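Visitor: Let me see the structure of the following:
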Amino acid sequence: MNTDPAASTRPQGDPKGHSGAARDAPRAEEPVIALHGVRKTYGAGENAVDALKGVDFEARADRMTAIVGPSGSGKSTLLNLIGSLDEPTAGRISFAGRDITSMSERERTRFRARNIGFVFQFLNLLPGLTCEQNVMLGGVIVGMAPREARRRAAELLETVGLGDKRRATARKLSGGQMQRVAIARALINDAPLLLADEPTGNLDERNADEITALLRDHASDGRAVVLVTHNNDLAERYADEIKVVRDGLIQDEQSATVQRTKSSADSGPGTPSMRFEIDPAEDPDRMITGIALAIARHAGGVRLRLTEDGRISMEADES
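Guide: Here you go, the predicted model:
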């Protein structure tokens, strides 16, 4: 007899064999999450503040989208709406094609638990619990049987490189190790959307690089990953797409689309490369900075060309 409380809501024939609550699996042709003309206003009358002023945004499976911008630009508000932690003043939000804008608070809570994994700058780990127990909590909350949650926790800790720390308490870990535990916890419900809010803000350069690379790997594993960061360097090196938020708007003309390819006519077969397309008329500072950084890092493995629409296409071999 099956006594698992989540059994009735599980998708049948989960190809990964994972247990847990049902998820809203997106079709291949549609985004995991999409915002349409979303506005967010705090306060009323003379005290009203428009944090977002009509934003369109989407994140798709197998891609990492970075959100960058100055403090107070609306990045955190945008992430809260993407993560269903808040509701818009106007506009529509859809998840896997389903309109979720009118959900009640209780419905949003259940929806988040089933479909979204969160990684925060401030980790929210319970310091007295072991790594395994901290990760297990994420699964038990969504109805996963404790035995299965323990199995998945051990599996995920191996994935993030902490298989030997299963029994260590969180308070004994380094900052980078704690962030890895937080990522494992965010992944335990096998959610199609992973949100990371300044996950490297308290880490040194090496750990920041490793954590961002780890998040990038999990985008390649079929999830949509949205990364909010002040670190433009990490965004440019790891994200598939960068969205710049300023004054409550996504500045599409100042966003660089980064496409990762396995080879190009100018690089050896199988050599990974990154391609940037930048409009110099709209963002000359970003163009100059991007080219300088690429040349400094890749020493000659940089190719520039002018596209038909006047944009500069820059391709750089990854070291």
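Visitor: From here on, just use CA atoms for contacts and neighbour counts.
Guide: Noted.
Visitor: There's contact between residue 226 and residue 64 in this structure, I believe.
Guide: Yes - the pair residue 226 and residue 64 qualifies as a contact (C-alpha atoms under 8 Å) at a distance of 5.8 Å.
Visitor: got a pLDDT number for residue 289?
Guide: What the model reports for residue 289 is a pLDDT of 54.
Visitor: Name the helix or strand of this structure that has the lowest mean pLDDT.
Guide: In the chain, no helix or strand scores lower on mean pLDDT, DSSP states H and E than strand 257-261, which sits at a mean of 43.
Visitor: Give the helix, strand or coil label for the closest residue to residue 247 other than its chain neighbours.
Guide: By the measure of C-alpha to C-alpha, 6 or more residues apart in numbering, the closest residue to residue 247 outside its immediate chain neighbours is residue 73, 4.8 Å from it. At residue 73 the chain is in coil, as set by DSSP: H, G, I helix; E, B strand; the rest coil.
Visitor: ditto for the one 5 residues further on
Guide: In terms of secondary structure, residue 78 is helix; the call rests on three-state DSSP.
Visitor: That one: neighbour count?
Guide: If you count neighbours by other C-alpha atoms under 10 Å, residue 78 ends up with 27.
Visitor: Also residue 46?
Guide: As a burial measure, residue 46 scores 6 neighbours (other C-alpha under 10 Å).
Visitor: tell me the phi and psi of it?
Guide: Residue 46 has phi and psi values of phi -70, psi -20 when expressed as degrees, to the nearest 10.
Visitor: per-residue confidence at it?
Guide: Model confidence at residue 46, given as pLDDT, is 86.
Visitor: so how far is residue 245 from it?
Guide: Distance of residue 46 to residue 245, computed by C-alpha to C-alpha, to the nearest Å: 24 Å.
Visitor: The residue nearest to residue 247 is in contact with residue 250, isn't it?
Guide: No - in this structure, residue 73 is not within contact of residue 250 by C-alpha under 8 Å, at 9.5 Å.
Visitor: Could you check which of those two is surrounded by more residues?
Guide: Neighbours around residue 73 and residue 250, counted as other C-alpha under 10 Å, are more numerous at residue 250. The numbers are 25 against 19.
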